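# With the input below, show me the fold.
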Amino acid sequence: MYQLNFNSTIPIYEQIVRQAHFLIASGALPEGELIPSVREVAKKLTINPQTVVRAYSELKTADLIVAVRGQGHAVKHGARALCRRARLEMFQTRIEEGIEEAALGRLSPEEIAEIVDDAFSKVMAKHYPDMDQTPTKLVDKVKKTNNANKENGND
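Reported below is the predicted structural model:
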């Protein structure tokens, strides 16, 4: 369920929290279902149970899991929507940061769009092999806009 990188600068408990966010957002940890016990996770990952307790405490504070008397912890109803919203916001921020970095690096809008198109195509083919892989061609839209601006003297 959780995969840890012991060489990472990100603390182990935080790695568990982040991965739980992804698992809840994707539905792999469904709302209302029990999550693995502290002991079970600690044993499987060969880590101190207190590390898992800290991660679960963070998840409770974030209102994503709830203690179920005598059974452990369960994913709270509404947690998936919270996690999906957070994931979407993080994705939006990362995309904006990458595009900002490219623009500051003086890449042209066409170069940026081409990079985005290529990355999108690669990832979609990898994760959605049955999906129509007709490229979106953001780069074509950027070129059309640039050509229209040149024709209208807005260059």
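
# Give me the buried positions along stretch 16-28.
I16, V17, Q19, A20, H21, L23, I24, A25 (16 or more other Cβ atoms under 10 Å). Quick note: C-beta positions are derived from backbone N, CA and C, even for glycine.

# Give me the mean pLDDT for the helix or strand hosting the first one.
Translated: I16. Per DSSP states H and E, I16 falls inside helix 12-26. Helix 12-26 comes out with an average pLDDT of 96.

# The helix or strand following it: which residues count as buried?
Remark: after helix 12-26, the chain's next helix or strand is helix 38-45, criterion DSSP H and E. Across helix 38-45, burial judged by 16+ other Cβ under 10 Å covers V38, V41, A42, L45.

# between the helix ranked longest in the chain and helix 12-26, how many degrees?
If you go by DSSP state H, the chain has its longest helix at helix 79-104. Counting by axes from the mean of the first three to the mean of the last three Cα atoms, to 10 degrees, helix 79-104 lies at 110 degrees to helix 12-26.

# How about E58, nearest residue that isn't a chain neighbour?
Residue nearest to E58 in three dimensions, not counting chain neighbours: V17, with 4.8 Å by Cβ to Cβ, 6 or more residues apart in numbering.

# Might one say that the one you found is in contact with T61?
No: the criterion here is Cβ atoms under 8 Å, and V17 misses it with T61 at 9.8 Å.

# For H73, give me its contacts.
Going by Cβ atoms under 8 Å, 6 or more residues apart in numbering, H73 touches L34, I35, Y56, L59, K60, I65, V66, A67.

# same thing but 10 Å
When contacts are counted by Cβ atoms under 10 Å, 6 or more residues apart in numbering, H73 touches L34, I35, P36, S37, V38, Y56, L59, K60, L64, I65, V66, A67.

# And for R84?
Applying Cβ under 10 Å, 6+ apart, the residues near R84 are H21, I24, A25, S26, G27.

# now, which of the residues you listed sits nearest N5?
Nearest to N5 among these is H21, at 16.2 Å by Cβ to Cβ.

# which ones are touching that closest one?
By Cβ under 10 Å, 6+ apart, the contact set of H21 is L29, L59, A62, L64, A79, L82, C83, R84, A86, R87, M90.

# Buried by neighbour count, from the residues you listed: which ones?
L29, L59, A62, L64, A79, L82, C83, A86.

# I12 against P49, yeah?
No: with contact defined as Cβ atoms under 10 Å, I12 does not reach P49; the gap is 11.8 Å.
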